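Trainee: Could you work out the structure for the sequence below:
(2 chains)
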Amino acid sequence: DTAVSQTPKYLVTQMGNDKSIKCEQNLGHDTMYWYKQDSKKFLKIMFSYNNKELIINETVPNRFSPKSPDKAHLNLHINSLELGDSAVYFCASSQGISGRAGGNEQFFGPGTRLTVL
Amino acid sequence: AQKVTQAQTEISVVEKEDVTLDCVYETRDTTYYLFWYKQPPSGELVFLIRRNSFDEQNEISGRYSWNFQKSTSSFNFTITASQVVDSAVYFCALSEASGANSKLTFGKGITLSVRP
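Mentor: Next up is the predicted model:
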């Protein structure tokens, strides 16, 4: 009965590789997000999607490409991985209602720890 | 632009002490939302509370209480009679009510260590 799930939990890969992280929520929420937490624990939003439509893209390099096949899924593809991409990536979802999305708490997945060697 | 400042970086207390985690925010919006999240050593992010900008009532939930003061743009979090299980990183966050463009802006987090 996991609310927001991510796979894999750990991902170790070489520089230059392409990898994907999957996220699924079973809460019936309309809005999904990707956040990046760096080694100093700082959390910063990367993307948000509302009903499969990209809403926020926070100046993330275009090597990162989110894909939302339906509103319950938001996957993150990363091409040509770099050392600086090493971080924990969190997926989140919220029940965003037009004009009120800001007020709804975001439920986070368990995170995916990406290590680029 | 919205900003959240958590000036304290690390706090260490002995079990049963009370501890207050400070949070100061900046926003130009008149309607906004404030949150606290807990990140225990296991790494997940746990939602603790949401407060609307138009509701300045303080809130108490068990050993947790929150003091929201618009006059000082602060949303402080107090843990009463702390326990070892409270050891975690605590994040304060702000969301401006701008429809689907809303996003959480997090502070840098406060690492709380509760010693037995």
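
Trainee: now the strands for chain A?
Mentor: A:4-7, A:10-13, A:19-25, A:31-37, A:43-50, A:53-57, A:64-70, A:73-78, A:87-94, A:107-108, A:112-116 (DSSP state E).

Trainee: a markdown table for these, including mean neighbour count?
Mentor: No exception for glycine: its C-beta is placed from N, CA and C like everyone else's. As requested, the strands of chain A are exported to a markdown table (neighbours: other Cβ atoms under 10 Å in any protein chain shown):
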| stretch | mean neighbour count |
| --- | --- |
| strand A:4-7 | 19 |
| strand A:10-13 | 14 |
| strand A:19-25 | 20 |
| strand A:31-37 | 25 |
| strand A:43-50 | 22 |
| strand A:53-57 | 15 |
| strand A:64-70 | 15 |
| strand A:73-78 | 20 |
| strand A:87-94 | 24 |
| strand A:107-108 | 20 |
| strand A:112-116 | 18 |
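
Trainee: Nearest to residue B:110 among the ones you listed would be which one?
Mentor: strand A:43-50 (13.1 Å; Cβ to Cβ).

Trainee: how distant is the closest one from the center of its chain?
Mentor: Centre-to-centre, strand A:43-50 and its host chain are 7 Å apart (Cα atoms, centre = their mean, to the nearest Å).

Trainee: again, but for stretch A:38-57
Mentor: 6 Å.

Trainee: again, but for stretch B:109-116
Mentor: With Cα atoms, centre = their mean, you get 14 Å for stretch B:109-116.

Trainee: Mind listing what's buried along that stretch?
Mentor: By neighbour count on 16 or more other Cβ atoms under 10 Å in any protein chain shown, the buried set for stretch B:109-116 is B:109-110, B:112, B:114.

Trainee: for the record, mean pLDDT for it?
Mentor: For stretch B:109-116, mean pLDDT is 97.

Trainee: for stretch A:49-56, same thing?
Mentor: 84.

Trainee: That one close to chain B?
Mentor: Yes. Stretch A:49-56 reaches chain B (Cβ under 8 Å from any Cβ of the partner chain) through A:50, A:55-56.

Trainee: Quickly, which of the strands of chain A bottoms out on average pLDDT?
Mentor: strand A:53-57 (a mean of 84).

Trainee: other SSEs contacting it?
Mentor: strand A:43-50, strand A:64-70 (3 or more Cβ pairs under 8 Å, 6 or more residues apart in numbering or on different chains; DSSP states H and E).

Trainee: what's that strand in contact with?
Mentor: Strand A:53-57 is contacted from outside by A:31, A:33, A:45-49, A:66, A:68, B:100-101, B:103, using Cβ atoms under 8 Å, 6 or more residues apart in numbering or on different chains.

Trainee: the inter-axis angle of it versus strand A:64-70?
Mentor: Put simply, strand A:53-57 runs at 150 degrees to strand A:64-70, going by axes from the mean of the first three to the mean of the last three Cα atoms, to 10 degrees.

Trainee: how about the CA coordinates for strand A:53-57, as PDB?
Mentor: Extracted C-alpha coordinates of strand A:53-57, given in PDB (Å, rounded to 0.1, in the frame of the first residue of the first chain):
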ATOM      1  CA  GLU A  53       1.900  18.300 -18.500                       C
ATOM      2  CA  LEU A  54       5.200  19.800 -17.700                       C
ATOM      3  CA  ILE A  55       4.700  22.800 -15.400                       C
ATOM      4  CA  ILE A  56       8.000  23.600 -13.700                       C
ATOM      5  CA  ASN A  57      11.500  23.100 -15.100                       C
END
